[in-house]
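>>> Take a look and give me a structure for this.
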Amino acid sequence: MSNNLAQTIKLAFGSEGGWSNHPADPGGATKYGITASTLGVARDLRRKATPDEVRALSLSEAAQILDKQYAQPLRYAELPPGLDYALFDFSVNSGPAQAVRILQRILVVEVDGIVGVKTLNAIRDRNLAGLIDKLQDARLRFLKGLKTWPTFGKGWSIRVEHVRSSALKMAAGISTVAPAPPEGRQTASPRDVKVSSTPAGKGTITATIGTAGAAIGAAKDSLQPLTSNGGFADTMFTVLIAGGVALTVIGLAVVTYQQIRHRETAA
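Numbers count the residues shown, from 1 in each chain. I've put the predicted structure just below:
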């Protein structure tokens with residue numbers, strides 16, 4: 001049973017990079033591997049997310065989406081290490097159903113795009129390193145058949161080979177590192193990702209992802225209605241950032257500030 005989803009998501013962030021809106025990309029506006037369509041579904045918008053909404057996507061929310069909409073349909077936690085990453089990255093790149101169908105053809109089981117008991121049993125009967133290699137070969141053949149291959153083929157080839165190398169290392173119990181982001185994309189390098197992939201619809205993120213700045217900024221914004229000027233809030237949050245204090249301390253800062261305001265009002 002796999003327990004390395006956090007590492008896998010970090011690797012996927014590295015492969016995907018940050019914000020992108022390439023005119024030749026059918027997915028359109030994309031950030032951390034999350035397209036406008038995927039974000040719209042995740043937020044139940046009943047429409048595609050706007051480019052601005054995609055651009056504002058946080059690493060934390062992206063990780064939750066990758067867990068719920070990609071890892072869980074793959075029954076990620078039941079896959080062997082290495083294959084879990086290889087199938088997950090393929091899924092993020094080309095969709096879960098497509099990735100699973102190609103794996104099922106390799107396994108010679110019913111091709112329905114759904115990871116079930118028969119698929120899992122067939123995986124257990126195969127040589128893990130050989131299966132990872134065959135999946136990456138099949139993935140590359142699939143990508144070469146896409147009309148966008150002339151535009152993105154070079155980057156996809158590099159990505160597939162990095163996934164192959166990393167997945168084989170993971171299968172052998174060897175640590176690996178995130179790849180450099182694709183050319184033209186921002187770096188997406190979360191410092192810490194802790195994810196618990198549970199049955200469908202119940203994925204949870206159990207720790208912060210990336211820098212604390214965005215979360216702290218949002219918390220500071222929520223604090224502003226308590227004061228007519230942001231002096232105290234700015235000072236408090238600057239101290240928190242500089243000191244690297246855990247985000248849970250923000251609650252204490254809010255309570256302290258409310259007490260100060262209460263005393264001032266009473267006076």
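
>>> What segments of the stretch 51-200 of the chain are strands?
In the stretch 51-200 of the chain, the strands defined using DSSP state E, counting those that start in this stretch lie at 195-196.

>>> which regions of it lie under the pLDDT threshold?
Across the stretch 51-200 of the chain, the ranges flagged by pLDDT under 70 are 178-200.

>>> what about the helices in it?
Applying DSSP state H, counting those that start in this stretch to the stretch 51-200 of the chain gives helices spanning 51-55, 59-66, 83-94, 96-107, 117-124, 128-144, 149-171.

>>> how is this protein carved up into domains?
Under the assignment automatic domain parsing, the domains of the chain span 5-205, 213-266.

>>> picking that back up, do you know which of the helices of the stretch 51-200 of the chain lies nearest Trp19?
Trp19 sits nearest to helix 51-55 of all the helices of the stretch 51-200 of the chain, at 5.4 Å, using Cβ to Cβ. C-betas here are computed from N, CA, C, even on glycine.

>>> now for that closest one, which elements pack on it?
If contacts are counted by 3 or more Cβ pairs under 8 Å, 6 or more residues apart in numbering; DSSP states H and E, helix 51-55 sits against strand 30-31, helix 36-42.

>>> Return the most buried member of the ones you listed.
strand 30-31 (a mean of 26; mean count of other Cβ atoms under 10 Å).

>>> residues making contact with that one?
Applying Cβ atoms under 8 Å, 6 or more residues apart in numbering, the contact partners of strand 30-31 are Glu16, Gly18, Trp19, Ser20, Asn21, Ala36, Val54, Arg55, Leu57, Ala62.

>>> what two of the residues you listed are the furthest from one another?
Greatest spacing in the contacts of strand 30-31, by Cβ to Cβ: Asn21 and Ala62 (15.9 Å).

>>> more neighbours, the two?
Ala62 (26 against 14; other Cβ atoms under 10 Å).

>>> Name the nearest residue to Leu140, ignoring sequence neighbours.
Among residues not flanking Leu140 along the chain, Val160 sits closest, at 5.1 Å (Cβ to Cβ, 6 or more residues apart in numbering).

>>> need the contact list for the one you found.
Residues near Val160 by Cβ under 8 Å, 6+ apart: Gln136, Arg139, Leu140, Leu143.

>>> Most neighbours of all these, which one?
Neighbour tally across the contacts of Val160 (other Cβ under 10 Å): the maximum, 25 neighbours, falls on Arg139.

>>> I'd like the distance between that one and Leu59.
Separation of Arg139 from Leu59 (Cβ to Cβ, to the nearest Å): 25 Å.

>>> What values do phi and psi take at Pro81?
Backbone torsions of Pro81, given as degrees, to the nearest 10, read phi -60, psi 140.
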